[in-house]
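> Fold the following and give me the result.
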Amino acid sequence: MYLCEHCQQQIAANTPAYSITVQTRNATYPKRSQANWRYVKRQIKYFDDKGGEGFETVKNLTVCPSCYKQLS
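Numbering: from 1, shown residues only. So this is what the prediction gives:
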């Protein structure tokens with residue numbers, strides 16, 4: 001049992017819950033030196049992470065199947 005965050009109805013047990021992303025934001029990730037490692041010829045070798053840009057989820061809603069059909 002769970003509460004749908006869109007229609008505020010209590011949903012019966014064994015009913016699937018769906019997650020919808022409502023809000024995202026841009027994110028910039030800095031360069032990290034020696035962040036990753038790998039075995040190369042039986043030795044640990046460190047590699048840099050170049051960073052970059054992407055998106056982060058700000059808010060998700062857990063909704064019932066009927067609300068999921070309406071919103072998507």
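> Tell me where the chain has helices.
Taking DSSP state H, the helices of the chain run over residues 65-71.
> shaky segments in it?
Low-confidence segments of the chain, defined by pLDDT under 70, are absent.
> Point to the residue nearest the middle of it.
Closest residue to the average C-alpha location of the chain: residue 57 at 6.1 Å, with CA atoms, centre = their mean.
> Quick one: residues contacting it.
Contacts for residue 57 (CB atoms under 8 Å, 6 or more residues apart in numbering) come out as 21, 23, 24. For the C-beta atoms, the positions are set from N, CA and C on the backbone; glycine is no exception.
> one more time with 10 Å, if that's ok
19, 21, 22, 23, 24, 25 (CB atoms under 10 Å, 6 or more residues apart in numbering).
> ok, which stretches of the protein are strands?
According to DSSP state E, the chain carries its strands in the segments 2-3, 10-11, 18-29, 32-40, 43-49, 52-63.
> For residue 55, see how far away residue 14 is.
Using CB to CB, to the nearest Å, residue 14 is found at 33 Å from residue 55.
> Near the residue lying closest to residue 19 once chain neighbours are set aside, how many other residues are there?
Once flanking residues are discounted, residue 19 sits nearest to residue 60: 5.3 Å by CB to CB, 6 or more residues apart in numbering. Residue 60 has 12 neighbours, counted by other CB atoms under 10 Å.
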